[in-house]
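just a sequence and a predicted model for now, questions to come.
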Amino acid sequence: MLKMSVVSIGEVLVDRAVLDARFSCNLDLCHGDCCVEGELGAPIDDREARFLESAVEPLRSMLPERNLRYIRRHGCAEVYQGNLYTKTIDGRECVFVYHENGKALCAVETAWKKGLLDATKPLSCRLFPIRVRKKFGLDYLVYEQHTMCRDARRQGAEQDVRLIDFLEAPLVEKYGHDWYMSLKEFVASI
């Protein structure tokens, strides 16, 4: 039997690795490395960029002075190869990161949880390690397997937590409940 590497769920293409992966992130093990690793920040859209610009003032008490100076000087979003990303400091940590108890935390998410902001961190952050690419003009979901997430893969395998189940809420937010249920039905049939 031929195993397809890409499947179509509605108008969304999904890489087989997304369907097969087990994943359960534990911040106590990874320490928020996804917010500090890599040269580019989180992919964002125009609406998220505007929101993040407006969120800086309410985050002033949470962000380190270094981050605030950087944002004042460079802003909090940048364009790279035609796509928007959150800014990073020295090509490493996101400008919205603060550190507490040895962990990198997102000031936007913390402020949202405290009721200080109307929205939380960008959708791409909440979908990580799934990334949305484009293929044939359609969204194409791929699974980025980073060494920083090895504990999440191990824990997901031990607990038998599928990546798509771990990321149910952001997947539903992005594509809707009916699409997500179609994805689950497809996975159950293979």
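Arrived safely.

when you work out contacts or count neighbours from here on, use the C-alpha atoms and nothing else.
OK.

name the nearest residue to the residue most central in space within the chain, sequence neighbours excluded.
Nearest residue to the geometric centre of the chain (CA atoms, centre = their mean): Cys125, 2.0 Å. The shortest distance from Cys125 to any non-neighbouring residue, by CA to CA, 6 or more residues apart in numbering, is to Ala42 (6.3 Å).

Asn26 now?
Ala152 (6.4 Å).

quick one: low-confidence ranges for this structure?
Applying pLDDT under 70 to the chain flags residues 1-4.

how's it carved up into domains?
According to automatic domain parsing, the chain comprises the domains 1-23+129-190, 31-124.

what about the last one, start to end distance?
Across its full length, domain 31-124 reaches 19 Å end to end, with CA to CA, to the nearest Å as the criterion.

stretch 90-109 too?
First residue to last in stretch 90-109 (CA to CA) measures 22 Å.

and for stretch 163-179?
16 Å.

which other residues reach it?
9-10, 18-24, 123, 126-127, 156, 180 (CA atoms under 8 Å, 6 or more residues apart in numbering).

kindly recompute the last result at 7 Å.
Gly10, Val18, Leu19, Ala21, Arg22, Phe23, Ser24, Leu123, Arg126, Leu127, Tyr180 (CA atoms under 7 Å, 6 or more residues apart in numbering).

so how far is the strand or helix carrying the third one from its chain's centroid?
Going back to what we said before, that points to Leu19. Taking DSSP states H and E as the criterion, Leu19 maps to helix 16-20. Here helix 16-20 is found 17 Å from its chain centre; the criterion is CA atoms, centre = their mean, to the nearest Å.

who does the very next helix or strand once past it touch, helix- and strand-wise?
Next along the chain after helix 16-20, taking DSSP H and E as the criterion, comes helix 27-30. Helices and strands touching helix 27-30, by 3 or more CA pairs under 7 Å, 6 or more residues apart in numbering; DSSP states H and E: there are none.

flag every buried residue along helix 27-30.
For helix 27-30, the neighbour count (16 or more other CA atoms under 10 Å) marks Cys30 as buried.

list of residues touching that helix?
By CA under 7 Å, 6+ apart, helix 27-30 touches Met148, Cys149, Asp151.

now render the residues you listed as CSV, adding distance to Ala55, neighbour count and secondary structure.
Compiled in CSV, the contacts of helix 27-30 are given as follows (distance: CA to CA, whole Å; neighbours: other CA atoms under 10 Å; DSSP: H, G, I helix; E, B strand; the rest coil):
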residue, distance to Ala55, neighbour count, secondary structure
Met148, 28, 15, helix
Cys149, 28, 21, helix
Asp151, 32, 17, helix
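
let me know the closest of the residues you listed to Asp90.
Met148 (19.2 Å; CA to CA).

ok, that closest one to Arg22 distance?
In this view, Met148 and Arg22 are 15 Å apart by CA to CA.

return the distance of stretch 142-161 from the chain's centre.
14 Å.
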